[in-house]
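**Q** below is the sequence, then the predicted model.
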Amino acid sequence: MTIQAKFTALLALLGLTVALGLGAALFFGFTLEREILAPMRENAAVLTSLSALKRDMGELGARLPGPDGGDEPASPAARDAAERAYLEQAARVDEGVASLFGRRALELKVGISTARNLRGRIDEARALAGAWFDTGDAKAGRAAIAAHADLHELCERIEARVVENTSQSFDHADAMRRLHTVILASALIGAGLFLALTGLLVRRWVVRPVGELRRAAAEIARGRFGQKVPAAANDELGLLAREVEQMSASIARMQQEAVDRERLAAVGEMVRRIAHNIRNPLSGIRGVAELTRRRAEPGSPTHADQTEIMQTVDRFNQWLNELLRATSPLTVEPREEAPGPWLQGLVDAHQPLARMREVTLSCDVGGAPERARFDPRLLEHALVAILTNGLQASPAGSRVTVAVSQGAERGQWDVVVRDEGPGIPPEIREKIFLPYFTTKRDGNGIGLASARLIVKQHGGRILVDSAPERGTTFLVRLPLGGIESTQSADFSQSAEISRNGVSPGHDPDHRG
C-alpha cells in the first residue's frame, strides 16, 4: 500500500471519528429538545393556564351570593345583577378553558379521564348557577357555590400532578446530563486513541523509514557502500530504500571494478616494461646459442645444450607473450561457433594434465546448442583457468566433469565445471576473483580474475557453489547471441539451480 493510500485511510478514519462526534452531538441536541426542553415548556404552559383558570374559577364562584341562613328565594333584581356579573366572569373562564383544553399535553400529563372530569364539573357548576339565577332558590345557590369550590380543589389536584410530572422531568434531565458526560468522555477517549494511533502510524510509515534512509545516506557519504536499508513496506519510502540500497551496491561494485582495472593497468604497464627490458638480452642469448649450435657437430653435447638453451628462451618468450595478453585490455571478437566441438577440443588438450594428476576428466556436450556467438580464443583462456584450478584442486582418483547445455533462461548457454576437491572455504569465497589473490604457492592470482573479466566482456556471468568435502562447481552463463543480446537477457542466479543442479552460491558480480 502506498503512503498516499495509507494517509487517505487515516483521513477517512479521522472523518469517521468527526462524523460520529457530530452525530452524537446532534442526537443529544435533538434528544434534549424532545425529552427535556419541550416537556418543560409544555409543563410551564399548562401550569400557567391552570393557575389562570383556578383564579378565574375563584372569581366566578365569588359572583354567586353567599348563603343568608334562610330558604327564601332571592329577589329578581338581586339575581339579575348577580347573573350579569357571573356571565362576564364566565366569559373569561371560557377563554381559559379553551386555552387549557386546546393543549394535547394536558391529557398526556393528567390523563384523559381527569380532563373530561374537569370539563364535566365545569358544565355541572354552570348548570347549578343557571338554576339559581332562574329560581333564586337558596338551596340551588348553595349547591352552585359548593360545585364551584369543588372545581377549585380539582384544579389544585391537577396542578399538583403537573408539578409532580415536572419534578420527574428534572430527574430525566439529570439522567440525560450523565449520558452527556459519558458521551463527552467517550469522545475525548476516542480522540486520544486516534491521536496515539496517528502518532504510531506516522512513526512507522514515515519517521522510521526516513531515519533508516538518513543513516544509509550518512554511511554512503562516509564511503561505506553496500549498505543494507531495511524496507519492510512496499510503499514509496520502501521502494526508495531499495533503490538507495541498489545504488550503494552499484557504487561499491563500480569502485571495486575500478580498483581491479587500475591494478591490472598498473601490472600491465609494469609487465610491458619488464618484457621490453628482458627481450633484448634474451634475443642476444638465443642468437649466441643458435650461432654456437651451428658451429657444433650434430649430436655433440654442445649441440644438445645450445638447442636446450634456444628452447628455453623460446618458452620464456612465450610466457612473456601470455603475460602481456593477460594484462592487456581485452578486445572481444565474437563469431559464430559450435560450442560442442570447441569445448571437446579444449578438454582433450587437458587430458595429459589429468592423467598426470590421476584424475578422470570427462566432457558432456550432448546438450550443447548448435551455434553460439563468442570469442573462442578469449573464452578458452577463461575456461582453461577454471579447468586448471579444478584439476589442481582434485585429489588422485577423483573426477572432474565439464558439461555444456542450453541455459535455464531463453537465449543463454551454460558451461559447468565440477570437481571433487576440498572446496573453497567460505571466508575466501568472495576473494577468489580478485586480482593477485591466490592460495597456491606458485600462483599469481590472475587466472580467475581474467576469467571473470573475459566472461563479463561476453555479457555473461560466473556463478560459484562450493562446500567442504563436496567439491566446487563453476557455472559460466553466456548469451547465445553474444554481447549484443545482453540488453534483454536476465542472468539470474536462481535459474541454474534446477537446470544444472548448482545450489545457490557465490556470484562474484553480485554484491549488496
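**A** All right, it came through fine. Here the structure is a predicted model, which is why all the values come from computation and not from measurement.
**Q** residue ranges of the helices in the stretch 151-300 of the chain, please?
**A** With DSSP state H, counting those that start in this stretch as the criterion, the stretch 151-300 of the chain has helices at 208-221, 236-295.
**Q** next one: the chain
**A** With helices called from DSSP state H, the chain shows them at 3-32, 38-62, 76-101, 104-110, 112-135, 138-202, 208-221, 236-295, 301-326, 339-349, 351-356, 376-393, 447-457, 495-500.
**Q** most packed of those helices?
**A** Among the helices of the chain, helix 447-457 has the highest mean neighbour count (mean count of other Cβ atoms under 10 Å), at a mean of 22. Backbone N, C-alpha and C define where each C-beta goes, glycine included.
**Q** just how off-centre is that one within its chain?
**A** 41 Å (Cα atoms, centre = their mean, to the nearest Å).
**Q** by contact count, what packs against it?
**A** Under the contact criterion of 3 or more Cβ pairs under 8 Å, 6 or more residues apart in numbering; DSSP states H and E, helix 447-457 touches helix 236-295, helix 376-393, strand 461-467.
**Q** and the last one, what's buried?
**A** By that I understand strand 461-467. 461-466 (16 or more other Cβ atoms under 10 Å).
**Q** distance to residue 197 and pLDDT added to these, as CSV?
**A** Shown next, in CSV, are these (distance: Cβ to Cβ, whole Å; pLDDT from 0 to 100):
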residue, distance to residue 197, pLDDT
461, 48, 91
462, 51, 91
463, 48, 90
464, 49, 89
465, 48, 88
466, 51, 83
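**Q** which among the helices of the stretch 151-300 of the chain is found nearest to residue 332?
**A** Residue 332 sits nearest to helix 236-295 of all those, at 15.9 Å, using Cβ to Cβ.
**Q** now the closest one and helix 208-221, what's the angle there?
**A** 30 degrees (axes from the mean of the first three to the mean of the last three Cα atoms, to 10 degrees).
**Q** as a whole number, average confidence for helix 236-295?
**A** On average, the pLDDT along helix 236-295 is 79.
**Q** can you give me how far that helix is from the chain middle?
**A** Chain-centre distance of helix 236-295: 47 Å, with Cα atoms, centre = their mean.
**Q** counting contacts, what elements does it pack onto?
**A** Judged by 3+ Cβ pairs under 8 Å, 6+ apart, helix 236-295 is in contact with helix 208-221, helix 301-326, helix 447-457.
**Q** do that again at 10 Å, thanks
**A** helix 3-32, helix 208-221, helix 301-326, helix 447-457 (3 or more Cβ pairs under 10 Å, 6 or more residues apart in numbering; DSSP states H and E).
**Q** next, the angle helix 3-32 makes with it.
**A** Using the same axes, to 10 degrees: helix 236-295 against helix 3-32 is 170 degrees.
**Q** so which of the buried residues of strand 461-467 comes closest to residue 302?
**A** Set against residue 302, the nearest of those by Cβ to Cβ is residue 462 (50.4 Å).
**Q** and that closest one, bridged to which residues?
**A** Beta-bridge partners recorded for residue 462 (DSSP bridges): residue 476.
**Q** kindly report the same for the one 4 residues further on.
**A** With DSSP bridges applied, the residues forming beta bridges to residue 466 are residue 472.
**Q** how near is it to residue 140?
**A** Taking Cβ to Cβ, to the nearest Å as the measure, residue 466 falls 132 Å from residue 140.
**Q** so for residue 362, which of the helices of the chain sits nearest?
**A** Among the helices of the chain, the nearest to residue 362 by Cβ to Cβ is helix 339-349 (7.9 Å).
**Q** what packs against the closest one?
**A** strand 360-367, strand 372-374, helix 376-393, strand 399-406, strand 412-418.
**Q** kindly recompute the last result at 6 Å.
**A** strand 360-367, strand 399-406 (3 or more Cβ pairs under 6 Å, 6 or more residues apart in numbering; DSSP states H and E).
**Q** any chance of these in CSV, plus mean pLDDT and mean neighbour count?
**A** Listed next are the helices and strands packed on helix 339-349 as CSV, based on pLDDT from 0 to 100; neighbours: other Cβ atoms under 10 Å:
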stretch, mean pLDDT, mean neighbour count
strand 360-367, 92, 15
strand 399-406, 92, 20
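**Q** figure out which of these is closest to residue 39.
**A** Nearest to residue 39 among the helices and strands packed on helix 339-349 is strand 399-406; the distance by Cβ to Cβ comes to 91.3 Å.
**Q** contacting residues around the closest one?
**A** Residues outside strand 399-406 that contact it (Cβ atoms under 6 Å, 6 or more residues apart in numbering): 339, 343, 347, 359-365, 367-369, 390-391, 394, 413-420.
**Q** and what of stretch 352-361?
**A** So stretch 352-361 is contacted by 351, 391, 394, 396, 398-400 (Cβ under 6 Å, 6+ apart).
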